[in-house]
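Asks: sequence? don't have it. structure:
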């Protein structure tokens with residue numbers, strides 16, 4: 001059984017090819033302060049335990065200091081990691097596993113100022129809930 005509160009190597013979106021494919025073929029949703037790119041694919045065997053791969057980016061043009069960029073990335077990863085205990089992500093994981101799909105997610109921070117952790121956590125939860133609805137709609141229209 002997977003540990004509930006981790007964000008391990010298998011859950012991170014690191015492959016350059018996967019990221020390029022995500023931005024080229026994927027769709028996006030915007031909920032301020034994030035623009036989230038997502039792409040559902042057939043589930044490969046090595047990702048059976050973790051059907052969601054996740055990445056975060058913060059533009060250098062907006063935040064010149066690496067300290068600020070890294071802080072935003074840490075807050076976003078932590079908010080995502082903590083959402084895994086929430087039923088919304090478990091439901092998202094279950095839906096993806098039932099449909100034998102994986103989901104590549106990439107969060108891009110678009111705001112021009114730093115926000116607090118509670119705001120980031122709330123917005124990540126909204127994005128995950130929206131993704132659940134989108135996956136439900138796609139699977140109901142493609143039996």
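Replies: In hand now; what should we look at? Not measured: the values here are computed from a predicted model.

Asks: quick one: contacts for the most centrally placed residue in the chain?
Replies: With distances taken as Cα atoms, centre = their mean, residue 105 lies nearest the centre of the chain, 3.7 Å away. By Cβ atoms under 8 Å, 6 or more residues apart in numbering, the contact set of residue 105 is 13, 36, 37, 38, 52, 53, 54, 55, 131. In this view, the C-beta of every residue, glycine as well, is placed from N, C-alpha and C.

Asks: in this structure the second one contacts residue 129, no?
Replies: No - with the criterion set as Cβ atoms under 8 Å, residue 36 and residue 129 do not qualify as a contacting pair; they are 12.0 Å apart.

Asks: which of the contacts of residue 105 fall in strands?
Replies: 36, 37, 38, 52, 53, 54, 55 (DSSP state E).

Asks: if the second one is in a bridge, with which residues?
Replies: Per DSSP bridges, the residues bridged to residue 37 are residue 28, residue 106.

Asks: count of neighbours near it?
Replies: Neighbourhood size, residue 37 [other Cβ atoms under 10 Å]: 20.

Asks: same deal with the fifth one?
Replies: Neighbouring residues of residue 53 were enumerated by other Cβ under 10 Å; the total is 22.

Asks: now do residue 16
Replies: Residues near residue 16, counting by other Cβ under 10 Å: 7.

Asks: next one: the one 4 residues further on
Replies: Here the number of neighbours of residue 20 (other Cβ under 10 Å) works out to 10.

Asks: any idea how far it is from residue 106?
Replies: As judged by Cβ to Cβ, to the nearest Å, residue 20 and residue 106 stand 11 Å apart.

Asks: okay, residue 85: pLDDT?
Replies: Residue 85 carries a pLDDT value of 63.

Asks: actually, residue 88.
Replies: 67.

Asks: again with the one 10 residues further on
Replies: Residue 98 is assigned a pLDDT of 80 by the prediction.
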